[in-house]
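> Show me how the following folds:
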Amino acid sequence: MSNKVTKAIFPVAGLGTRFLPATKSVPKEIMTLVDRPLVQYAIDEARAAGIKEFIFVTSRGKSALEDYFDHAPHLEQDLKSKGKDKLLEILKSTNMDSGEIAYIRQHKALGLGHAVWCARRLIGNEPFAVMLPDDVIAADKPCLQQMVEAYEETGGNMVAAMEVPADKASAYGILDVREDMGSIVSVKGMVEKPKAGEAPSNLAVIGRYILSPKIFDNLNAMKSGAGGEIQLTDAIAEEIDGEGVYGYRFNGQRYDCGSKAGFLQATVAFGLEREDLRDDLEAYLREVVSAREAAE
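Okay, here's the model as predicted:
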């Protein structure tokens with residue numbers, strides 16, 4: 001089995017109910033963060049990490065997501081004829097070549113583990129990445145690229161990890177650490193959404209994974225875990241005494257764009273990073289804060 005990671009699964013079958021009514025007709029994954037869809041940030045991060053094949057696990061009503069990655073010849077021709085070369089380059093950067101991208105349907109919402117299992121035939125016998133587009137990570141070196149480099153040393157299975165406040169631990173999968181080696185930790189247990197006060201650490205699993213194909217054998221058992229869903233965490237935990245599981249403390253800032261507050265925070269943060277937006281946005285934010293303080 002090769003140790004090279006060239007395939008990534010993007011589970012995007014969720015209904016995005018926290019963003020209704022917007023997601024009644026627009027898949028959450030193509031809602032825009034500044035001027036790029038959420039999913040584009042994940043694709044760019046995957047490409048930087050050397051991913052060549054992109055597998056989307058979708059559901060009914062996601063055709064707009066598939067259209068987004070398709071070529072748009074009429075729009076390209078229009079931009080070309082008007083000399084809008086910069087916009088044309090941006091547009092072309094979103095295109096995916098034939099054979100580079102695949103779509104698999106998840107017919108029942110049975111959890112993240114089941115979504116990953118749906119893509120098993122396209123992965124075969126090689127390690128693969130899983131990326132959750134809801135987790136947008138701003139980093140000088142993209143998060144998955146950091147993980148791929150660390151994975152070359154460890155093999156096994158690797159999850160992105162970040163420290164969270166104790167009172168927030170019950171919202172995450174939490175690592176029980178065997179040995180802390182700095183950016184890499186070896187794992188002796190994983191607990192999905194522990195009860196308050198029962199978390200074994202404050203290291204939470206974030207939506208980036210590099211997994212061995214043995215995970216599919218574990219998922220084949222189709223055991224229901226927390227919430228009655230098939231939990232990916234449970235399938236990974238079964239490899240702790242097998243090929244091993246590692247947590248990777250990534251360098252970067254993670255935004256939970258599956259929540260409205262996180263989406264707004266990311267919009268502000270990414271807007272302030274843009275030279276063409278920074279000055280106007282910063283001035284506006286200062287005005288808003290000053291007005292609120294004056295009102296108090």
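> quick one, strands of the stretch 51-200 of the chain?
For the stretch 51-200 of the chain, applying DSSP state E, counting those that start in this stretch gives strands covering 53-58, 101-105, 128-131, 135-138, 157-163, 173-180, 184-192.
> between these, which one is nearest to residue 237?
Ranking these by proximity to residue 237 (Cβ to Cβ) places strand 184-192 first, at 4.4 Å. All C-beta atoms are positioned from the backbone trio N, CA, C, and that covers glycine.
> any idea of the mean pLDDT in the helix or strand following that closest one?
As assigned by DSSP states H and E, the chain's next helix or strand after strand 184-192 is strand 203-211. For strand 203-211, the mean per-residue pLDDT is 93.
> And stretch 64-71, what's buried?
Of the residues in stretch 64-71, 65, 68-69 count as buried by neighbour count, 16 or more other Cβ atoms under 10 Å.
> same thing with stretch 166-173?
By 16+ other Cβ under 10 Å, the buried positions in stretch 166-173 come out as 169-170, 172-173.
> Kindly report the same for stretch 20-36.
Within stretch 20-36, the residues scored as buried using 16+ other Cβ under 10 Å are 23, 26-31, 33, 36.
> One more: stretch 289-296?
Buried residues in stretch 289-296 (16+ other Cβ under 10 Å): none.
> Just the CA coordinates for it, please, in CSV.
Below are the C-alpha coordinates for stretch 289-296, written out as CSV (Å, rounded to 0.1, in the frame of the first residue of the first chain):
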residue,chain,number,x,y,z
VAL,A,289,-18.0,49.5,17.5
SER,A,290,-17.7,53.2,18.3
ALA,A,291,-21.5,53.7,17.8
ARG,A,292,-22.3,50.8,20.0
GLU,A,293,-20.0,52.0,22.8
ALA,A,294,-21.4,55.5,22.6
ALA,A,295,-25.0,54.0,22.8
GLU,A,296,-24.1,52.2,26.0
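> Where among the strands of the stretch 51-200 of the chain is average confidence lowest?
Ranked by mean pLDDT, the strands of the stretch 51-200 of the chain bottom out at strand 101-105, with a mean of 84.
> mind checking how far that strand is from the chain centre?
16 Å (Cα atoms, centre = their mean, to the nearest Å).
> Work out the sheet partners of it and label each with its direction, please.
Take DSSP bridges as the rule and strand 101-105 pairs in its sheet with strand 53-58 (parallel).
> Just the C-alpha atoms of the strand it pairs with, please, in CSV.
Only the C-alpha atoms of strand 53-58 are listed here, as CSV (Å, rounded to 0.1, in the frame of the first residue of the first chain):
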residue,chain,number,x,y,z
GLU,A,53,-8.9,13.1,-7.2
PHE,A,54,-11.9,14.8,-5.5
ILE,A,55,-14.8,12.7,-4.4
PHE,A,56,-18.0,14.4,-3.3
VAL,A,57,-20.7,12.6,-1.3
THR,A,58,-23.8,14.4,-2.1
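> hmm, who's touching that strand?
Contact partners of strand 53-58, identified using Cβ atoms under 8 Å, 6 or more residues apart in numbering, comprise 6-13, 43, 46, 65-66, 96, 100-106, 115-116, 118-119, 122-123.
> PyMOL command to pick out the buried ones of the residues you listed?
Burial among the contacts of strand 53-58 is assessed by 16+ other Cβ under 10 Å; the matching PyMOL selection reads:
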select buried, resi 7+8+9+10+11+12+13+43+46+65+101+103+104+106+115+116+118+119+123
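> Mark which of the contacts of strand 53-58 are part of helices, please.
Here DSSP state H is the test, and those give 43, 46, 65-66, 115-116, 122-123 as lying in helices.
> what residues does the helix or strand of the chain with the lowest mean pLDDT touch?
In the chain, the helix or strand scored least confidently by mean pLDDT, DSSP states H and E is helix 63-68, which has a mean of 75. Here helix 63-68 makes contact (Cβ under 8 Å, 6+ apart) with 12, 26-27, 29-30, 37, 39, 56, 58, 94, 103.
> give the contact list for residue 237.
Residue 237 is in contact with 189-190, 245, counting by Cβ under 8 Å, 6+ apart.
> Pick the one among the residues you listed closest to residue 145.
Closest to residue 145 out of these is residue 245 (20.3 Å), distances taken as Cβ to Cβ.
> From residue 88, how far off is the closest one?
45 Å (Cβ to Cβ, to the nearest Å).
> ok so, going back, quick check: which of the contacts of helix 63-68 has the minimum pLDDT.
Lowest pLDDT among these: residue 94, 73.
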